[in-house]
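Novice: got a structure for you, letters missing:
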């Protein structure tokens, strides 16, 4: 069974608002066994909405609209759909009273144009909005299921999870689609594909490759009955894990920072950081993990040379001889952080994030990441691209992967 998503709003087309609803709904639908065929973004225009609806009706059993349910003249979703299907719009008196109560509680007289938010298509069921005045609705029409949801994510998400998902699961009695995402790091997209192509007789789920900075995500799609889809994904995952080993760090909702935190907690290890070009982003990622105070001893953003010598305690002669962006400095930063914070592991990061500051010998994107641990201190050199933010983000991903692999390789017992 397939679904089409139609997101309505001029603000989505101009970029004023990011279309986060599409990603949320896609993840929820795939998790429920419903394949998303297409996502469309259309303007607040009656003809555009009707055209998108007619196209979706040709291909999918489920059509979900977001946005365009507000009180203003450009909120046209319900009117356009009712017109396209030849249905009337009827006033829901109970919901009108709720809207009036909403305004009365705030000491405001309800504007007349809010009445349109109590209009529901003929034959549709109202979906209560607990966070706003725009209700959703759900309609069975000629073997199709149409769902109208408000645009604000804080209104859409609970409405979909609490009211729409149960209806979709009841409606979807046919073939299921399952999605499993395996998350890899430390290997490029093309190398990963070549490895997977080396597998003989790959007759299991189709794979999509999604590059995400330093990571590559593999999405496996299984179809058929619930048992068939689950079995296909299980067999595919088993083959890939056997082939790729520790290149796979997690799956689905796992994050690299979360996996590192999990390993640190399991092994009873502590961590400290000394950052320069990453500007504290690595520390921020670590401390975003609940319970990180159990293993994270502390960190320092030693951005300037003075901070590296004064606060971190590096020798000035080292910086003068090697330069702030160098392997010896990164290693000294890691060792200083480990000693200062008395941690089991420590990372030192230095580099040139750009867009300025590079030279022919040390170009923008040059990054050194050092890790000091039980056995020794070692450093890796990277040459990154993609702009200042991309350099910082990829530096953090690579540092996290170095920590992960250090724990797996040297702290197994």
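Specialist: Thanks, I have it. The model shown is predicted, which means the values in this text are computed figures rather than measured ones.
Novice: please count neighbours and contacts with C-alpha atoms only from this point.
Specialist: Will do.
Novice: how many residues are close by residue 227?
Specialist: 11 (other CA atoms under 10 Å).
Novice: quick check: phi and psi at residue 15.
Specialist: The phi and psi values for residue 15, taken as degrees, to the nearest 10, are phi 90, psi 10.
Novice: any idea how many residues pack against it?
Specialist: As a burial measure, residue 15 scores 9 neighbours (other CA under 10 Å).
Novice: and it, what pLDDT?
Specialist: Note on residue 15: pLDDT of 94.
Novice: ditto for the one 10 residues further on
Specialist: The predicted structure scores residue 25 at 97 on the pLDDT scale.
Novice: got it, and residue 361?
Specialist: What the model reports for residue 361 is a pLDDT of 90.
Novice: what secondary structure does it sit in?
Specialist: Classification of residue 361 by DSSP: H, G, I helix; E, B strand; the rest coil places it in coil.
Novice: how far away is it from residue 342?
Specialist: Taking CA to CA, to the nearest Å as the measure, residue 361 falls 35 Å from residue 342.
Novice: what does residue 28 give?
Specialist: 44 Å.
Novice: how is the protein partitioned into domains?
Specialist: Structurally, the chain divides into domains by automatic domain parsing as follows: 2-171, 176-251, 256-410.
Novice: what's the least confident stretch among these?
Specialist: Minimum mean pLDDT among the domains of the chain: domain 176-251, a mean of 88.
Novice: could you pull out the helices for the stretch 251-400 of the chain?
Specialist: Using DSSP state H, counting those that start in this stretch, the helices of the stretch 251-400 of the chain run over 256-267, 281-287, 305-306, 316-322, 327-341, 388-410.
Novice: of all the ones you listed, which one is nearest residue 18?
Specialist: Ranking those by proximity to residue 18 (CA to CA) places helix 388-410 first, at 18.9 Å.
Novice: contacts for the closest one?
Specialist: 185-186, 213-215, 246, 256-257, 259-260, 263-264, 277-279, 281-282, 347, 353-355, 365, 367, 369, 371, 374-375, 384-385 (CA atoms under 8 Å, 6 or more residues apart in numbering).
Novice: same question, stretch 183-203
Specialist: With CA under 8 Å, 6+ apart as the criterion, stretch 183-203 contacts 209, 211, 214-218, 240, 243, 247-252, 254, 398, 401.
Novice: mind checking which of the residues you listed land in helices?
Specialist: Those of the contacts of stretch 183-203 mapping onto helices are 240, 243, 398, 401, per DSSP state H.
Novice: out of the residues you listed, which is nearest to residue 68?
Specialist: residue 398 (42.3 Å).
Novice: now do the closest one against residue 185, distance only.
Specialist: Distance from residue 398 to residue 185, by CA to CA: 8 Å.
Novice: please name the bridge partners of the closest residue to residue 326 other than its chain neighbours.
Specialist: Excluding the flanking residues, the one nearest residue 326 by CA to CA, 6 or more residues apart in numbering is residue 368, at 6.5 Å. As for beta bridges, residue 368 partners with residue 350, residue 381 under DSSP bridges.
Novice: show me how to select, in ChimeraX, the buried members of the ones in helices among the contacts of stretch 183-203.
Specialist: The ChimeraX selection below is limited to those of those classed as buried (16 or more other CA atoms under 10 Å):
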select :240,398,401
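Novice: out of residue 361 and residue 342, which sits in the more crowded spot?
Specialist: Applying other CA under 10 Å to residue 361 and residue 342 shows that residue 342 carries more neighbours, namely 15 against 7.
Novice: ok, now which ones touch the more buried one?
Specialist: With CA under 8 Å, 6+ apart, residue 342 has these contacts: residue 297.
Novice: deepest of the domains of the chain, which one?
Specialist: Across those, the average number of neighbours (mean count of other CA atoms under 10 Å) peaks for domain 256-410, which reaches a mean of 19.
Novice: ends of that one, how far apart?
Specialist: End-to-end distance for domain 256-410: 19 Å, by CA to CA.
Novice: what of stretch 115-122?
Specialist: End-to-end distance for stretch 115-122, by CA to CA: 17 Å.
Novice: not counting its own residues, what contacts that stretch?
Specialist: Outside stretch 115-122, the residues that reach it (CA under 8 Å, 6+ apart) are 69-71, 78, 82, 87-93, 95-96, 126, 133-135, 137.
Novice: try 7 Å this time
Specialist: Contact with stretch 115-122 is made by 69-71, 82, 87-92, 95-96, 126, 134, as judged by CA atoms under 7 Å, 6 or more residues apart in numbering.
Novice: and residue 126, helix, strand or coil?
Specialist: Per three-state DSSP, residue 126 ends up strand.
Novice: list the contacts of residue 257.
Specialist: 285-286, 400 are the contacts of residue 257 under CA under 7 Å, 6+ apart.
Novice: tell me how far it lies from residue 216.
Specialist: Counting by CA to CA - residue 257 and residue 216 are separated by 15 Å.
Novice: thought residue 354 was touching residue 366?
Specialist: No. Residue 354 lies out of contact with residue 366 (CA atoms under 7 Å); the separation is 9.5 Å.
Novice: show residues contacting stretch 36-52.
Specialist: Stretch 36-52 is contacted from outside by 2-10, 26, 68, 74-77, 80-81, 84, using CA under 7 Å, 6+ apart.
Novice: let's see it at 6 Å
Specialist: 2-10, 74, 80, 84 (CA atoms under 6 Å, 6 or more residues apart in numbering).
Novice: the residues you listed in helices, which ones?
Specialist: Among the contacts of stretch 36-52, DSSP H puts 10, 80, 84 in helices.
Novice: of the residues you listed, just say which sits nearest to residue 296.
Specialist: Minimum distance to residue 296 across the ones in helices among the contacts of stretch 36-52 is 44.9 Å, recorded for residue 10 (CA to CA).
Novice: what separation do you get for the closest residue to the closest one other than its chain neighbours and residue 216?
Specialist: Among residues not flanking residue 10 along the chain, residue 43 sits closest, at 4.8 Å (CA to CA, 6+ apart). Distance from residue 43 to residue 216, counting by CA to CA: 33 Å.
Novice: how far away is the residue of the chain positioned farthest from its centre from residue 309?
Specialist: Here the centre of the chain is the reference, and by CA atoms, centre = their mean the most remote residue is residue 317, at 44.1 Å. According to CA to CA, residue 317 and residue 309 sit 10 Å apart.
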